[in-house]
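sequence first, then the predicted structure:
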Amino acid sequence: MSKKNLPTKICPVCNRPFTWRKKWQRDWQNVKYCSERCRRNKNSASPLYDPEQN
């Protein structure tokens, strides 16, 4: 699998795309968050990333 063709998902907390990683190889279907920070903040009222705040 070349790096150009790796699967991606959108993180529901920060709305940023994240790419498949080797450590997620066995569990990619269940991966929902791009990072531990997003996983910990999954129930936060305000999103961590707002694309309109540039």
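Noted; the coordinates are in hand.

okay, CA-based contacts and neighbour counts for the rest of this
Will do.

who's in contact with the residue nearest the centre of the chain?
By CA atoms, centre = their mean, the chain has its centre lying nearest to Cys34, at 2.6 Å. Applying CA atoms under 8 Å, 6 or more residues apart in numbering to Cys34 gives the contacts Ile10, Cys11, Pro17, Phe18.

burial measure for the last one, as a count.
By the criterion of other CA atoms under 10 Å, Phe18 has 16 neighbours.

ok, it to Asn41 distance?
17 Å (CA to CA, to the nearest Å).

picking that back up, top of the contacts of Cys34 by neighbour count?
Highest neighbour count within the contacts of Cys34, by other CA under 10 Å: Cys11, with 18 neighbours.

that's a helix at Lys23, yeah?
Yes - the assignment for Lys23 (DSSP: H, G, I helix; E, B strand; the rest coil) places it in a helix.

check the gap between it and Asn43 for me.
25 Å.

same question for Tyr33.
In terms of CA to CA, Tyr33 sits 12 Å off from Asn43.

and those two? which has more neighbours close in?
Each of Tyr33 and Asn43 has its neighbours counted (other CA under 10 Å); Tyr33 has more, 22 against 10.
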